[in-house]
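**Student:** 3D, please:
(chains A and B)
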Amino acid sequence: MTINKTMEGTTTLTVALGGRLDTVTAPELSAALDITGVEELIFDFADLEYVSSAGLRVLLTAQKTMLTQGKMVIKNVNDTIMEVFEITGFADILTIE
Amino acid sequence: MKELTVDAVVSNIPLVTDFVDRQLEELECPIKAQMQIDIAIDEIFANISSYAYSPEVGPAIVRVEVLEDPLAVTITFVDNGVPFDPLTAETPDTTKDAEERQIGGLGIFMVKQTMDSISYEYKDGQNILMIKKNL
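**Tutor:** A predicted model of the protein is given here:
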């Protein structure tokens, strides 16, 4: 999985993921996600094929943290991933654009 | 019917996924169904890797069978670890918000929601979990 991080200013972080966010790759994302001081966290899923529950775990942890320090948004979600979010109720927990 | 035997460790998930994907591609499986199956493999194989032989490592067999009329694929996971029926795992409350949400059980829940059928039996010392997807 590819992880591309871009900071805009000092408080907006965009994380673009490519490939699959699954049991094998979720720990990589978790390790790469340093969101201290971030007020807006944007995930770009344009190149992400799918997410498994291990990936949902990392997203949930990030969401919980961002609830206390700003906001988190997920953009460019494909149909498969959107369906996973809907089935699991994550569509109600996450902000998806 | 094609069969693969590997150590049940999470680092083998990509190997198992490729093994199944190659056969799905031969069947011209729709991409969305393939992704759902890939997610199911991730969830199921991760569970087996974590629980079946813990803390040791043991083998898992993955069998792919194609059914015709109507076209469907079944994937069976067999291990000889601790008896465990994932279908009796508690269904998570998907209406809870982020503050209260638990992840446990979500994996199997997703598999149940996206596969056309899922069955489990414990026989001759083996956990046998089969998922079926109509194509």
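**Student:** Retrieve the pLDDT associated with the residue in chain A positioned nearest to chain B.
**Tutor:** Proximity of chain A to chain B (C-beta to the nearest C-beta) peaks at residue A:89, 3.1 Å away. C-beta here means a position set from N, CA and C on the backbone, and glycine is covered the same way. What the model reports for residue A:89 is a pLDDT of 87.
**Student:** For it, grab the count of nearby residues.
**Tutor:** 18 (other C-beta atoms under 10 Å in any protein chain shown).
**Student:** Over to the nearest residue to it once chain neighbours are set aside. Which of the three states is it?
**Tutor:** Using C-beta to C-beta, 6 or more residues apart in numbering or on different chains and skipping residues adjacent in sequence, the residue nearest residue A:89 is residue B:94, 3.1 Å away. Secondary structure, DSSP: H, G, I helix; E, B strand; the rest coil: residue B:94 is coil.
**Student:** need the contact list for residue B:94.
**Tutor:** A:87, A:88, A:89, B:109 (C-beta atoms under 8 Å, 6 or more residues apart in numbering or on different chains).
**Student:** Around chain B, which positions in chain A sit nearby?
**Tutor:** Within chain A, the residues that sit near chain B (C-beta under 8 Å from any C-beta of the partner chain) are A:20, A:22-24, A:49-54, A:56-57, A:60, A:63-64, A:67, A:79-80, A:83-84, A:87-89, A:92-93.
**Student:** where in chain B is pLDDT low?
**Tutor:** Under the criterion pLDDT under 70, the flagged ranges of chain B are B:89-92, B:96-104.
**Student:** any chance you could map the helices in it?
**Tutor:** For chain B, applying DSSP state H gives helices covering B:13-26, B:31-51, B:106-114.
**Student:** As a markdown table, the ones you listed with distance to residue A:28 and mean neighbour count would be great.
**Tutor:** Below are the helices of chain B laid out as a markdown table (distance: least, C-beta to C-beta, whole Å; neighbours: other C-beta atoms under 10 Å in any protein chain shown):
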| stretch | distance to residue A:28 | mean neighbour count |
| --- | --- | --- |
| helix B:13-26 | 13 | 17 |
| helix B:31-51 | 15 | 22 |
| helix B:106-114 | 19 | 22 |
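**Student:** any chance of those helices in a markdown table, plus distance to chain A?
**Tutor:** As requested, the helices of chain B are arranged in a markdown table below (distance: least, C-beta to the nearest C-beta, whole Å):
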| stretch | distance to chain A |
| --- | --- |
| helix B:13-26 | 6 |
| helix B:31-51 | 4 |
| helix B:106-114 | 4 |
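**Student:** can I get these in a markdown table with distance to residue B:134?
**Tutor:** Shown next, in a markdown table, are the helices of chain B (distance: least, C-beta to C-beta, whole Å):
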| stretch | distance to residue B:134 |
| --- | --- |
| helix B:13-26 | 13 |
| helix B:31-51 | 8 |
| helix B:106-114 | 12 |
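**Student:** Among these, which comes closest to residue A:44?
**Tutor:** helix B:31-51 (18.6 Å; C-beta to C-beta).
**Student:** All set, thanks.
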